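Asker: here is a sequence with its predicted model. Questions after.
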Amino acid sequence: MIYFDNAATTSTLKGAEEIFIRENREDFANPHSAHAFGRTASKKLEDAREEILEDLHLEKTHSLIFTSGATESNNLALKGLPLHYQKRGKRIITSAVEHPSVLNALKELIPFGFDIVILPVTSEGKVDPETLKNAMTNETILVSIMAVNNEVGAINDIASLAKIVHAFPKAYFHVDATQAMTKLAFNYGDADLLSFSGHKFGAFKGSGALIYKKSIAFESINAGGEQEQGFRAGTVNMPGNVAMAYALHEGLKNLKTHEQSVRLLHDYLQQNLAQMEGVSMNSPQDALPYVLNFSLTKKKASVVVEALSENEIYVSTVSACSSEEPVSYVLEAMGKSEGDARNSIRLSFSADNTLDEGKRFVEVFSTIMMGVQDR
Amino acid sequence: MNPDMLMIHYGELSTKGDNRKLFVNQLARNIRHALKSFPTLKVEASRDHAYVELHEEDASSVIARLQDVSGIHSISIVFKSDKNLDHIKNFAVELLSKETGKTFKVNVKRADKSFPMSSYELACALGDYCLDHTAFTVDVHHPDVNLDVDVREEAAYLSCHDFLGAGGYPLGMNGKCLTLLSGGIDSPVAAYLLLRRGIRIECIHFAAPPYTSDAVIDKLKDILKILNTYQEDIKLNVVPFTELQLAIYKNVDEPYCITIMRRMMFRIAEGLAKKEHCLAIATGESVGQVASQTLPSMIAINDVTNFPVLRPMCTMDKLDSIALAEKIGTYPISIRPYEDCCTIFKPKAPKTKPQIHDCEFFESKFDWKPLVEKCIAEVKSYLLVDGEEKVFPEENKPIENK
């Protein structure tokens, strides 16, 4: 099996698995319980919280809410904050290529009178800081822009964008860092709010976090008990979060070496695929090496993906066999043709992938491209 | 007052002569099978009716189960009384007063000729008594409630509640039919209609990986698990169709591709039907619905087989089909987004009036016979039993690529 769909989810780190099992066996108490057993669990949870903040150098300035993943974090940030600060202004700015959990969460604010501004992106899938600058007003209370795009791997200049946002004292800057954590080093403190999921870097599905500047307040959108500083009711997934803290620590520690090995694979694939007839590259040259997106100019991506799947090679596509095929809105926003936007394939890597897998991929992929009927 | 038994009225068996016994026996077997989750029930089938002794089981859940059994016209809830006239009268009032409506009619059957009153006299006596003791009035033409009284040797049976059954003939009386299953809305409904008529089914599906997704097979299995309600075990045969389909698209002019493809499918279906001892082929086609389902298309496509091709859906509108699919529960599965045929293979202008000689011309351009045979030889089969996939016995395992 060759698994090139790590941007969708990764396998779990062995160390994370051990922690998860141990914490579930030994410290399974509800961290919110008042007894000593509960306090032990609570201590583990707080240590994990502290560890994550320290690893990101945010322990002084930021707080952290454990969530079920980035989708929940994004919803909490993008609905909870505007609802709290709506008296200051109702303008929210985001980009056209954000994850659906950002775009759809913001869409839900429109009936409440919020003005959602969706910025275009460059042909490389990035937000041009100038575009943001022109869109900023005194009414703007929130800007949400992703660190790394999940479909093409385009990297945004978070530092420059943050500077622009922070020139407006009423505006907060939310960064969806789901695809960036453990893969791209940036100044995390540039973000007033930061979302990510654990299962994208070797922790478990169902773990994630929203990190926010201590001075920020927002409304809880999940009613219930008083867990997570009252912002996120529901029994906390302590074992999952402790495992996430571990995976994040490991990932950050190995960021450089992992990037080197992934880049080797990425460059090999990029060079070989770019030369192939009927392949058109979508990922920009300076994209994160963990993601490689290309379109098939003559074939149907869904068919090629199915054929790869038959060969136990797992990659991602938005394409489907049906006549009402979905289109990649990310590629459309980058100005790609409709045919390209309907027939893109995303390869996404982890440090576990090898160059040999890349070679095997090119081999199988070229055979399939020769055998499969044009669309 | 709990009902004592259910009386099962047979479907179209009255047209059967000497074979009637066979039909009744088959139906009794099917009823016993359908009710095997109720171990306390006792089923007895006679020439005219079958009886289910309830022994305190919940009548409505037993009836719901029986309504899925083909060959049953209707089911009545029956209460048992001794043959004392006063007791029968009181029973009748008690039953009737629980019904809703304004008018009633008493129907009496008197199998026990030793009973002192004639059917007519008993009907009058009961009608009279009920008229006096309930709020109901008599309407012998269009009554709201029919009170049926059956006087037999052992007891009198009263009922005033009928439930319609599935109709048709007992499953298994008509042999087996190979049904083309695409995964769309119509073909599962066609299979259901066959089952309701008492025809056992086996299914054939044409898969063209990688142009079709493997998920289609899972979808088909889920559909067949629902149809297991009507037939305990259903075999699904998946034909590896890609090679033949590509050969068709290479050699045949685009407007004729679908026609030729359907002809090949029928050839393969006939080959498999013979192998699997099926006596007919069935499709979910509805006349005129798409290019390959016009009457001229059917002539051109049907030309390749002498097997009867049953088209239970042939006069149905899409909306009728959807309504039935929703009723039997296959609709939500059918609309899952995996297609049985990739858009790559959908011609822009398929022929609606294909000519047989043109079909033969295109088919003369390539050697399709070995490809058809290969399709039949390399069929991969799955078995769905009682809503679960069963591992196939070793000797029936699909033949690996030679």
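Answerer: Here it is on my side, so go on.
Asker: what's the closest non-adjacent residue to B:Val69?
Answerer: B:Ala34 (4.9 Å; C-beta to C-beta, 6 or more residues apart in numbering or on different chains). All C-beta atoms are positioned from the backbone trio N, CA, C, and that covers glycine.
Asker: what about that neighbour, how many neighbours?
Answerer: B:Ala34 has 21 neighbouring residues, counting by other C-beta atoms under 10 Å in any protein chain shown.
Asker: what of A:Ile110?
Answerer: So A:Ile110, with other C-beta under 10 Å, has 11 neighbours.
Asker: quick one: secondary structure of the nearest residue to it once chain neighbours are set aside?
Answerer: Distances taken as C-beta to C-beta, 6+ apart put A:Ile116 closest to A:Ile110, at 6.1 Å, once the chain neighbours are dropped. Assigned by DSSP: H, G, I helix; E, B strand; the rest coil, the conformation of A:Ile116 is strand.
Asker: which of the three states applies to residue 229?
Answerer: Picked chain A for this. Using three-state DSSP, the structure places A:Gln229 in helix.
Asker: how is the chain carved up into domains?
Answerer: The chain I'm using is chain A. Domain assignment for chain A, taken from automatic domain parsing, gives A:14-253, A:255-371.
Asker: chain B, not that one
Answerer: Chain B breaks down by automatic domain parsing into domains covering B:5-167, B:176-396.
Asker: start to end distance for the shortest one?
Answerer: Domain B:5-167 has an end-to-end distance of 20 Å (C-alpha to C-alpha, to the nearest Å).
Asker: if we can go back for a sec, go through the domains of chain A and name the closest to B:Pro296.
Answerer: Within the domains of chain A, the stretch nearest B:Pro296 is domain A:255-371; the backing value is 24.9 Å (C-beta to C-beta).
Asker: end-to-end on the closest one?
Answerer: 39 Å.
Asker: how far off centre is that domain?
Answerer: 18 Å (C-alpha atoms, centre = their mean, to the nearest Å).
Asker: I'd like the average pLDDT over it.
Answerer: Average pLDDT, domain A:255-371: 92.
Asker: quick one: contacts for the closest residue to chain A within the stretch 151-300 of chain B?
Answerer: Closest residue of the stretch 151-300 of chain B to chain A, C-beta to the nearest C-beta: B:Pro210 (3.5 Å). Residues counted as contacts of B:Pro210 (C-beta atoms under 8 Å, 6 or more residues apart in numbering or on different chains) are A:303-307, A:309-310, A:368, A:372, B:242.
Asker: ok, so of these, who is nearest A:Ala177?
Answerer: Looking across those and measuring by C-beta to C-beta, the closest to A:Ala177 is A:Val305, at 27.5 Å.
Asker: what sits closest to that closest one if chain neighbours are left out?
Answerer: A:Thr317 (4.6 Å).
Asker: that neighbour bridge partners, please.
Answerer: A:Thr317 forms beta bridges with A:Ile345, as assigned by DSSP bridges.
Asker: my guess is it contacts A:Ser302, does it?
Answerer: Yes: the pair A:Thr317 / A:Ser302 is scored as a contact, 6.1 Å apart, by C-beta atoms under 8 Å.
Asker: among those two, which residue is more densely surrounded?
Answerer: When neighbours are counted by other C-beta under 10 Å, A:Thr317 and A:Ser302 differ, and A:Ser302 comes out ahead with 29 against 24.
Asker: do you know how far that one is from B:Cys160?
Answerer: Separation of A:Ser302 from B:Cys160 (C-beta to C-beta, to the nearest Å) stands at 58 Å.
Asker: so the residue in the stretch 101-250 of chain A that chain B sits nearest to, which of the three states?
Answerer: Across the stretch 101-250 of chain A, the shortest distance to chain B (C-beta to the nearest C-beta) belongs to A:Asn104, at 19.7 Å. Here A:Asn104 is recorded as helix under three-state DSSP.
Asker: confidence score at it?
Answerer: Here the pLDDT value assigned to A:Asn104 is 95.
Asker: what number of residues lie near the residue of the stretch 151-300 of chain A found nearest chain B?
Answerer: Closest contact between the stretch 151-300 of chain A and chain B, by C-beta to the nearest C-beta, is at A:Lys300 (5.9 Å). Number of residues near A:Lys300 (other C-beta under 10 Å) recorded here: 25.
Asker: helices of the stretch 101-250 of chain B, start to end?
Answerer: For the stretch 101-250 of chain B, applying DSSP state H, counting those that start in this stretch gives helices covering B:119-133, B:186-196, B:215-227, B:242-251.
Asker: now distance to chain A too, for those helices, in JSON lines please.
Answerer: Converted to JSON lines, those look like this (distance: least, C-beta to the nearest C-beta, whole Å):
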{"stretch": "helix B:119-133", "distance to chain A": "59"}
{"stretch": "helix B:186-196", "distance to chain A": "17"}
{"stretch": "helix B:215-227", "distance to chain A": "9"}
{"stretch": "helix B:242-251", "distance to chain A": "7"}
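Asker: any idea how far the residue of the stretch 101-250 of chain A closest to chain B lies from A:Asn74?
Answerer: Where A:Asn74 is concerned, A:Asn104 sits at a distance of 9 Å (C-beta to C-beta).
Asker: how about residue 37, what does it touch?
Answerer: Since you didn't name a chain, this refers to chain A. Counted by C-beta under 8 Å, 6+ apart, A:Phe37 has contacts A:27, A:29.
Asker: was after chain B, sorry
Answerer: Counted by C-beta under 8 Å, 6+ apart, B:Ser37 has contacts B:Arg65.
Asker: that's a helix at it, yeah?
Answerer: No: using three-state DSSP, the assignment for B:Ser37 is coil, not a helix.
Asker: please flag which of the contacts of B:Pro210 sit within helices.
Answerer: Judged by DSSP state H, the subset of these located in helices is A:303-307, A:309-310, A:368, B:242.
Asker: using TSV, lay out those together with distance to A:His199.
Answerer: Output for those, formatted as TSV (distance: C-beta to C-beta, whole Å):
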residue	distance to A:His199
A:Val303	29
A:Val304	26
A:Val305	22
A:Glu306	25
A:Ala307	27
A:Ser309	21
A:Glu310	26
A:Ile368	29
B:Thr242	35
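Asker: need the CA coordinates for stretch A:89-97. CSV is fine.
Answerer: Taking Å, rounded to 0.1, in the frame of the first residue of the first chain, the C-alpha atoms of stretch A:89-97 are listed here in CSV:
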residue,chain,number,x,y,z
GLY,A,89,-18.3,46.2,13.8
LYS,A,90,-19.7,43.5,11.6
ARG,A,91,-17.2,43.2,8.8
ILE,A,92,-15.3,39.9,8.6
ILE,A,93,-12.7,39.2,5.9
THR,A,94,-11.6,35.8,4.7
SER,A,95,-10.2,34.3,1.5
ALA,A,96,-11.8,32.3,-1.3
VAL,A,97,-9.7,29.2,-0.7
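Asker: quick check: buried residues in it?
Answerer: Within stretch A:89-97, the residues that count as buried by 16 or more other C-beta atoms under 10 Å in any protein chain shown are A:89-97.
Asker: and for that stretch, what's in contact with it?
Answerer: A:78, A:82, A:102-103, A:106, A:109, A:113-121, A:125, A:127, A:132, A:135-146, A:149, A:151, A:154, A:170, A:329-330, A:333-334.
Asker: any idea how far that stretch is from the middle of the chain?
Answerer: How far stretch A:89-97 lies from its chain's middle: 18 Å, per C-alpha atoms, centre = their mean.
Asker: so the nearest residue to A:Val102 once chain neighbours are set aside: helix, strand or coil?
Answerer: Nearest residue to A:Val102, sequence neighbours excluded (C-beta to C-beta, 6+ apart): A:Asn74, at 5.1 Å. State at A:Asn74, reduced to three classes by three-state DSSP: helix.
Asker: A:Asn74 and A:Ala247, how far apart?
Answerer: Counting by C-beta to C-beta, the gap from A:Asn74 to A:Ala247 is 20 Å.
Asker: residue contacts, the nearest residue to B:Val385 once chain neighbours are set aside?
Answerer: Computed as C-beta to C-beta, 6+ apart, the closest residue to B:Val385 that is not its neighbour in sequence is B:Asp233, at 4.6 Å. Shown in contact with B:Asp233 (C-beta under 8 Å, 6+ apart): B:383-386, B:390.
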